[in-house]
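S.K.: Provided below are the primary sequence and the corresponding predicted coordinates.
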Amino acid sequence: MNFSEQRWVITGASGGIGAAIAKELAQRGATLLLCGRNQIKLAHLKAKLVGQHQLFVGDLTQACSLGELQQAADRFNANGVINCLGVNQLQTFVQSSNADIRQMLDTNLLTPISVCQALLPRLQTQPSATIVNVGSILGSIGYPGSALYCASKFGLRGFTESLRRELADSHVNVLYFAPRATDTEINSPAMQQLNQQLGNKSDSPMWVAQQLCQRLQSAPKGAAYLGWPEKLFVRINALFPGLVDGASLKQLPIIKRFCQQQPSSSAATGEHHEAS
């Protein structure tokens, strides 16, 4: 992939992994349409980047903003989209409200699907195009205290896999990109402390962004899972789920204790993606 020829739409660009991906792509010569709700954060990010980049400010969970993004991507002549928009939470399912359910599924699943639907006609007109949906290791492993998050990322993984196969006879590449825990502000203090107590490793957003760019350069399709032993656990969970059941049962008292530290309706809002 020649990054200087790439014109990426990046959703959730104002923070976390989204901002790190924007910095790494710009450094490699790509041109970006940075999308998010916070104009100040987007403008601050743009000022740090080398190149002629553009901003799109809007709430992509709303249909009117999706239509405006479609028009902006047409004017921008986009040939790629990276969906980083996401929210996270640490709470048991019984703690979750109907609003939590709607927010998690709308932001993490329905909005990336809608963005793909809005931009795919434009991408299909390009000689070569790429869709990247940023998922999570927890899109393959159901984990206590993250039922809603896992549901949204399992759905995103299934959608991305199906779309990749549907477009296999076209020039549109589709990649599912799944980080493990990443050090961004979307993680609540309780979630950070839980990861530390359980010995879960966390990666820097810039390292995650570098891994994505390396994958785009070598094989911009399929699925990429980050972190060891997390990527091994994905395989173990698929083949021997009972082993993972036993391991998570041992962790369950600790997880529930940290969930109790979270107030109800505590889904963390953000314009960036985070794996937990």
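M.R.: Cool, got the structure.

S.K.: what about the residue nearest to residue 108 when sequence neighbours are not counted, distance to residue 98?
M.R.: Among residues not flanking residue 108 along the chain, residue 152 sits closest, at 3.5 Å (Cβ to Cβ, 6 or more residues apart in numbering). To be clear about C-beta, it is placed using only N, CA and C from the backbone, and glycine gets the same treatment. Distance, residue 152 to residue 98, using Cβ to Cβ, to the nearest Å: 15 Å.

S.K.: try residue 16
M.R.: Counting by Cβ to Cβ, the separation of residue 16 from residue 98 is 26 Å.

S.K.: show me which of the two is the more surrounded one.
M.R.: residue 16 (25 against 8; other Cβ atoms under 10 Å).

S.K.: if I look at residue 266, what pLDDT would I see?
M.R.: pLDDT recorded at residue 266 is 44.

S.K.: equivalent analysis for the one 4 residues further on, please.
M.R.: Among the per-residue scores, residue 270 holds a pLDDT of 42.

S.K.: for the stretch 101-250 of the chain, what spans make up the strands?
M.R.: In the stretch 101-250 of the chain, the strands defined using DSSP state E, counting those that start in this stretch lie at 129-134, 172-178, 222-225.

S.K.: what pairs with the shortest one, and is each one parallel or antiparallel?
M.R.: With DSSP bridges as the test, strand 222-225 is paired with strand 172-178 (parallel).

S.K.: just how off-centre is the partner strand within its chain?
M.R.: Distance of strand 172-178 from the chain centroid (Cα atoms, centre = their mean, to the nearest Å) equals 11 Å.

S.K.: run the angle between it and strand 129-134 for me.
M.R.: 20 degrees (axes from the mean of the first three to the mean of the last three Cα atoms, to 10 degrees).

S.K.: who's in contact with strand 172-178?
M.R.: Strand 172-178 is touched from outside by 120, 123-124, 128-137, 139-140, 156-157, 160-161, 163-164, 167, 212, 215-216, 220-226, 275, with contacts defined as Cβ atoms under 8 Å, 6 or more residues apart in numbering.

S.K.: got the CA positions of that strand in CSV?
M.R.: Written as CSV, here are the backbone C-alpha positions of strand 172-178 (Å, rounded to 0.1, in the frame of the first residue of the first chain):
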residue,chain,number,x,y,z
VAL,A,172,-12.7,-3.2,-1.8
ASN,A,173,-10.5,-4.8,1.0
VAL,A,174,-12.1,-5.3,4.4
LEU,A,175,-10.1,-5.7,7.6
TYR,A,176,-11.2,-6.5,11.2
PHE,A,177,-8.6,-5.1,13.6
ALA,A,178,-8.7,-6.3,17.2
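
S.K.: list the contacts for the most centrally placed residue in the chain?
M.R.: Against the mean C-alpha coordinate of the chain, by Cα atoms, centre = their mean, the closest residue is residue 134 at 3.2 Å. Shown in contact with residue 134 (Cβ under 8 Å, 6+ apart): 17, 82, 83, 84, 86, 177, 178, 179, 273.

S.K.: mind running it again at 10 Å?
M.R.: 10-12, 17-18, 21, 82-86, 108, 112, 153, 156, 160, 175-179, 208, 212, 272-275 (Cβ atoms under 10 Å, 6 or more residues apart in numbering).

S.K.: same check, this time on residue 106
M.R.: By Cβ under 10 Å, 6+ apart, the contact set of residue 106 is 60, 61, 62, 87, 114, 152.

S.K.: was I right to think the fifth one contacts residue 64?
M.R.: Yep, that's residue 114 we're talking about. No - contact criterion Cβ atoms under 10 Å: residue 114 and residue 64 do not qualify, at 11.9 Å.

S.K.: when those two are compared, which one has more neighbours?
M.R.: residue 114 (19 against 9).

S.K.: now for the helix or strand containing residue 65, which elements pack on it?
M.R.: Using DSSP states H and E, residue 65 falls within helix 63-76. The helices and strands touching helix 63-76, judged by 3 or more Cβ pairs under 10 Å, 6 or more residues apart in numbering; DSSP states H and E, are strand 7-11, strand 31-36, strand 54-57, helix 111-123.

S.K.: what's the burial count for residue 84?
M.R.: Other residues close to residue 84 by other Cβ under 10 Å number 30.

S.K.: confidence score at it?
M.R.: Here the pLDDT value assigned to residue 84 is 95.

S.K.: try the one 5 residues further on
M.R.: The score at residue 89 is 84. That number is its pLDDT.
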